[in-house]
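In: next come a sequence and a model predicted from it.
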Amino acid sequence: MLKHILKLFVELTGNRFVSSILANFTASKYSKFLVPVFASVYKLKQEEMREPLPTYGSLKALFTRQLKEEVRPVDLTKATAVSPVDGVVNDYGSIQNGTAISVKGKTLSIDELLGSKDKATPYHGGSYIVLYLSPQHYHRIHSPVDGKIMNSYSLGGKSYPVNKLGLKYGNRPLSTNYRRISEVNTEFGYCAVVKVGALNVNSIHLTYKDTNMVKGQEMAYFSFGSTVILLFESPLDTELAIGHEIKVGERIGLMA
């Protein structure tokens, strides 16, 4: 019973009050007793963690855990873009129909996602990838490319679930939820890393100090599972499959 309550607790809530309670509880020492339960329910690979499980003093500490460096090798091939997260490929494709793309059968406006038509226009003719992080995934976000962050900004207010139910029944959560956008200028054009919040606590935290990014370098972390949308100004040659599990540093495609 405790396992089922825990899963419901962390996976689906769009209410600001409930989200606040959830955030405060998971950050408190009182949630520590749930750390081994969470690790068991979600089958976390403890051998990959930088610290032993008993050292995590709260669920939030476990959610935002760091990994041993050697467990996520980065593909350093020059033209390769790599996954910024551990997650599941929700969708990918070309941005051909104006600035609209389809995610899980629903239309997503790049204009709305980035905040304006002017910001979206450069990505017309490029590529997109949507990566979903569930609660068991490693929650830190890394740069998918080498380059310099030229633009960083936030949009949106409330954040609703971005899991299957949230995408099916929610009101365009990927493009209206609170989100933090980092645009990286690369040798192959711009890459937008759009970090989408999943709860009303807007749990996206930037960690980079230098705007010069190296592929695989940490950029940010989520306090809860969420979604990262990548937009590429140039077409991306990729062999991804929808539903495929991918890890930080693995190749997601070649930039032209």
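Out: Yep, that arrived.

In: so where do the helices sit in the chain?
Out: 2-11, 16-27, 35-41, 59-63, 110-114, 117-120, 164-169, 173-176 (DSSP state H).

In: where in this structure is pLDDT low?
Out: Within the chain, the segments meeting pLDDT under 70 span 1-19, 97-100, 102-106, 157-177, 199-202, 225.

In: domain map for it?
Out: Here the domain parsing of the chain from automatic domain parsing is 2-63, 72-255.

In: return the most buried member of these.
Out: domain 72-255 (a mean of 19; mean count of other Cβ atoms under 10 Å). The way it works is simple: take the backbone N, C-alpha and C, and place the C-beta from them, glycine included.

In: now the terminal residues of that domain, how far apart.
Out: End-to-end span of domain 72-255 (Cα to Cα, to the nearest Å): 21 Å.

In: chain center to it, what's the gap?
Out: On the basis of Cα atoms, centre = their mean, to the nearest Å, domain 72-255 sits 6 Å off its chain's mean C-alpha point.

In: so for this protein, the centremost residue is which one?
Out: residue 228 (3.3 Å; Cα atoms, centre = their mean).

In: quick one, what contacts it?
Out: The neighbours of residue 228, taking Cβ atoms under 8 Å, 6 or more residues apart in numbering as the test, are 84, 85, 87, 130, 131, 133, 141, 193, 194, 195, 196.

In: keep only those of the residues you listed that are in strands.
Out: Judged by DSSP state E, the subset of these located in strands is 87, 130, 131, 141, 193, 194, 195, 196.

In: which residue packs closest to the fourth one, ignoring adjacent ones?
Out: Excluding its sequence neighbours, the residue lying closest to residue 141 (Cβ to Cβ, 6 or more residues apart in numbering) is residue 220, at 4.5 Å.
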